[in-house]
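Participant: sequence and predicted structure are below.
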Amino acid sequence: MSYDVPHMEGEAEVGFAAADGDDGWPRWEVFVRQGGGLTHVYSESVHAPDAETALLNARDTYLRRIEGVSLWVTPAAAVTAWESDQPDPAAPGETGGESILWEVFVRHRRGLAHVHAGSLPAATSGDAITRARQVYVTRDEGVSVWVIPSSRIYAADPADAEAMFAPFRDKEYRYPTYYDIPDEVGYM
Amino acid sequence: MSALTDYLIRHADDNLVLSQRLAEYVSHAPELEEDLAIANIALDHLGVATHLLEYAAAIGDTGKTADELAFLRSEREFTNLLLVEQPNGDFAHIMVRQFLFDAYQRELWDALAHSTDHTVAGIAAKASKEAAYHVRHSHGWLVRLGDGTTESHLRMEQAIADLWRFVDEMFDTDSLDEKMTTAGMGVAPAALRGAWEALVDATLEEATLHHGPVDPQRRGGRSGFHTEHLGHLLTEMQWMQRSYPGLEW
């Protein structure tokens, strides 16, 4: 399944605690869907004071070398992670609470990035992890799963795509291959 | 020189000079991500300047290459707006300068995208996508810092007070603008002011910032009369070609 802009609330998120405990801007995780790509792939993180700036920072930091057509950011604190070498999270039970929608990202092998797998409803993050493993991690093919409440993922508005993504396309100098390296330099 | 050449050069100079100013700031931004953003924006302006100067060089009536136009003209031959040559000062000055100019350029490129000169229209169409992003970036900072802490608010008010005297010059319409507009190739800057004011006024209100009338307004950049800052900027920007003529690397 491929879809853009899952559940963009459009409201800037400000003021949550810095995830990495320093006094600077909080950390945001960045997911990019490349041209021709089917899914959003994890692309490391940026620091930003709010969702709007996180989107712009992610654009400037990660779209120079890869051609993105869609961009998601989420506060690092919104990510709940499960690693295959960790004990299972507490079994879901007694939820009672209302289900919300979660986006699921799976890392299929060590060394690869987390890839958007889909979304599912769950009442708690532990519940979401368990269901995500049941639905998206069959046959031991995932080594790590992240779940993020859909409402905390901020997507670049498709209406802004021209300004967000097009300007990089004709800047060939962003690639190292653009530059001639003198013979004397040898291998770099 | 043809009117078109002069017209290309004045808009190239705006972008070239602002690009140099922003490049001076690289590695000084408060956060790494913002440093990258400013470097990106500087490169966008440099790219626009390059396209315009290469077109001017191709027309040929200056007898100069694009590089020579950039690196071997003197201060009096630069026809950029005074706003873009103003020194960086603090982050507030950089962002206010950027926002006032971004809002102007967004209207400018949108209009010039309809130029009857196809090369101008093509460059403008590309630049307008970049300008849309630039405005989004600087608008965010205006609101964040204007409606931020007491200190950030005061610094933004100071930057606006310092830079507002360069606003009217952006919208002066001289004989070259009139000639280019009549020919269907250009746009009268005065025609851009309404849309510019709508965006700037709304942003200042959102940012809880104010501007008073600043009198007298400074002007003269379009005729080559600059503030004292441009000479220093060009000295640094042109040092390599002045010291080692024809050097390439």
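Facilitator: That came through, no problem.
Participant: what is the neighbour count of residue B:179?
Facilitator: 15 (other CB atoms under 10 Å in any protein chain shown). Heads up, the C-betas are built off the backbone N, CA and C, glycines and all.
Participant: contact partners for the nearest residue to it once chain neighbours are set aside?
Facilitator: Excluding the flanking residues, the one nearest residue B:179 by CB to CB, 6 or more residues apart in numbering or on different chains is residue B:3, at 4.9 Å. Residue B:3 is in contact with B:176, B:179, B:180, B:183, counting by CB atoms under 8 Å, 6 or more residues apart in numbering or on different chains.
Participant: try 7 Å this time
Facilitator: Taking CB atoms under 7 Å, 6 or more residues apart in numbering or on different chains, we find residue B:3 in contact with B:176, B:179, B:180.
Participant: which of the residues you listed sits closest to chain A?
Facilitator: Within those, the smallest distance to chain A is 25.6 Å, found for residue B:180 (CB to the nearest CB).
Participant: if I look at that closest one, how far off is residue B:193?
Facilitator: Separation of residue B:180 from residue B:193 (CB to CB, to the nearest Å) stands at 17 Å.
Participant: more neighbours: the two, which one.
Facilitator: Higher neighbour count among residue B:180 and residue B:193: residue B:180, with 21 against 18, using other CB under 10 Å.
Participant: mind listing the strands for chain A?
Facilitator: A:27-34, A:41-47, A:68-75, A:80-83, A:100-107, A:115-122, A:144-149, A:154-155 (DSSP state E).
Participant: quick one, which of those strands is nearest to chain B?
Facilitator: Between those, strand A:41-47 lies closest to chain B; by CB to the nearest CB that is 5.2 Å.
Participant: just the CA atoms of that closest one, as PDB, please.
Facilitator: What follows is strand A:41-47 as a C-alpha-only set of coordinates in PDB (Å, rounded to 0.1, in the frame of the first residue of the first chain):
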ATOM      1  CA  VAL A  41      12.200   5.100   4.600                       C
ATOM      2  CA  TYR A  42      13.900   6.300   7.800                       C
ATOM      3  CA  SER A  43      16.600   8.900   7.100                       C
ATOM      4  CA  GLU A  44      18.100   9.700  10.500                       C
ATOM      5  CA  SER A  45      17.100  12.700  12.500                       C
ATOM      6  CA  VAL A  46      17.200  16.500  12.800                       C
ATOM      7  CA  HIS A  47      16.900  18.900  15.700                       C
END
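Participant: may I see the strands of chain A organised as TSV, with mean pLDDT and mean neighbour count added?
Facilitator: Shown next, in TSV, are those (pLDDT from 0 to 100; neighbours: other CB atoms under 10 Å in any protein chain shown):
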stretch	mean pLDDT	mean neighbour count
strand A:27-34	94	23
strand A:41-47	93	20
strand A:68-75	93	24
strand A:80-83	91	16
strand A:100-107	95	22
strand A:115-122	95	19
strand A:144-149	95	23
strand A:154-155	94	24
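Participant: excluding chain neighbours, what is closest to residue A:170?
Facilitator: residue B:126 (7.0 Å).
Participant: go on, residue A:51?
Facilitator: Leaving aside its sequence neighbours, residue A:51 sits nearest to residue A:154 (CB to CB, 6+ apart; 4.2 Å).
Participant: shaky segments in chain A?
Facilitator: For chain A, the stretches with pLDDT under 70 are A:1-23, A:87-96, A:139-140, A:174, A:188.
Participant: do a quick rundown of the helices in it.
Facilitator: Under the criterion DSSP state H, chain A contains helices at A:51-62, A:125-136, A:161-169.
Participant: who does the most centrally placed residue in chain A bridge with?
Facilitator: In chain A, the centroid-proximal residue (CA atoms, centre = their mean) is residue A:31; its distance is 3.1 Å. Beta-bridge pairing of residue A:31 under DSSP bridges involves residue A:42, residue A:72.
Participant: I'd guessed it sits against residue A:46; true?
Facilitator: No: counting by CB atoms under 7 Å, residue A:46 is not a contact partner of residue A:31; they are 11.6 Å apart.
Participant: okay, now residue B:162: neighbour count?
Facilitator: Every residue meeting other CB under 10 Å relative to residue B:162 is counted, giving 16.
Participant: which parts of chain B sit against chain A?
Facilitator: By the rule CB under 7 Å from any CB of the partner chain, the part of chain B lying against chain A is B:31, B:33, B:36-37, B:40, B:44, B:47, B:129-130, B:132-133, B:136-137, B:140, B:144.
Participant: what about 8 Å?
Facilitator: B:31-34, B:36-37, B:40, B:43-44, B:47, B:126, B:129-130, B:132-133, B:136-137, B:140, B:144 (CB under 8 Å from any CB of the partner chain).
Participant: narrow those to those in helices?
Facilitator: Per DSSP H, the residues of chain B next to chain A map to helices at B:32-34, B:36-37, B:40, B:43-44, B:47, B:126, B:129-130, B:132-133, B:136-137, B:140, B:144.
Participant: may I see the PyMOL selection of the buried members of those?
Facilitator: Selection of buried members from these for PyMOL, criterion 16 or more other CB atoms under 10 Å in any protein chain shown:
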select buried, chain B and resi 33+34+36+37+40+43+44+47+126+129+130+132+133+136+137+140+144
